[in-house]
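K.L.:
Predicted model, plus sequence, below.
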Amino acid sequence: MANMTAENGTLDSLDRRILTILQGQGRIPNKQLAEEVGLSPPAVLERVRKLEERGIIERYVALVDHKRIGLGTVALVAVSLNLHQKNSIENFHAFIKGCENVLECYHIAGVEDYILKVYTHDIDDYEHFLLNELTRTKGIDKVKTMFVLSTLKRETAMPLDQAGEDDGRPPAASGKRKD
């Protein structure tokens, strides 16, 4: 029997093949997935279940064309907080979690504190979001907006050729301390 999914964060070649297929065809029937990777349907189902349990597969989604649903304006927004205290940070996090227009938010190192990816109908809609929602959030010092003119690349599939493989070597350092 082939190597099962390693518990230490590495993936064997079958797991990587399964993930590659699922990233491109999330609704592929289990029987077809099994045929494509050369395993029985129960064995593939068990591998997928383990990938889900380990959090490697987070969830299954449908990718929606934002322009076709009327959200044609995309902005990348750099946000700086005025105070880096627990209350300011928690207040900002609560705002972000409740804001439907913000699809991505990254806490970053550098001059700014956060980068947001914001989808709106148009510039007027973004201005309303900026003036009536974002800048009214306590703790925000500065906001810098950059509008996306066009998208050259937009991928959702993770590059699995760079993922760790279970080849008998110890996994690469994760940056986490082992106490």
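P.N.:
Arrived safely.
K.L.:
Could you chop this protein up by domain?
P.N.:
Following automatic domain parsing, the chain resolves into domains at 13-61, 73-147.
K.L.:
so which of these gets nearest residue 159?
P.N.:
Nearest to residue 159 among these is domain 13-61; the distance by C-beta to C-beta comes to 9.9 Å. For glycine as for every other residue, the C-beta is placed from the backbone atoms N, C-alpha and C.
K.L.:
Distance across the closest one, terminal residue to terminal residue?
P.N.:
End-to-end distance for domain 13-61: 24 Å, by C-alpha to C-alpha, to the nearest Å.
K.L.:
so where do the helices sit in this protein?
P.N.:
Remark: helices assigned in the chain by DSSP state H are 13-24, 30-37, 41-53, 86-97, 123-132.
K.L.:
Please identify the most buried of those helices.
P.N.:
The highest mean neighbour count among these, using mean count of other C-beta atoms under 10 Å, belongs to helix 13-24: a mean of 18.
K.L.:
what's that helix packed up against?
P.N.:
In this structure, helix 13-24 makes packing contacts with helix 30-37, helix 41-53, judged by 3 or more C-beta pairs under 8 Å, 6 or more residues apart in numbering; DSSP states H and E.
K.L.:
so what's residue 102 closest to, chain neighbours aside?
P.N.:
residue 116 (5.1 Å; C-beta to C-beta, 6 or more residues apart in numbering).
K.L.:
Number of residues surrounding that neighbour?
P.N.:
Neighbourhood size, residue 116 [other C-beta atoms under 10 Å]: 20.
K.L.:
Give me the distance between it and residue 57.
P.N.:
Residue 116 sits 26 Å away from residue 57, going by C-beta to C-beta, to the nearest Å.
K.L.:
same deal with residue 158?
P.N.:
The spacing between residue 158 and residue 57, counted by C-beta to C-beta, is 11 Å.
K.L.:
which residues do the two both contact?
P.N.:
Shared contacts of residue 158 and residue 57 (C-beta atoms under 8 Å, 6 or more residues apart in numbering): residue 19.
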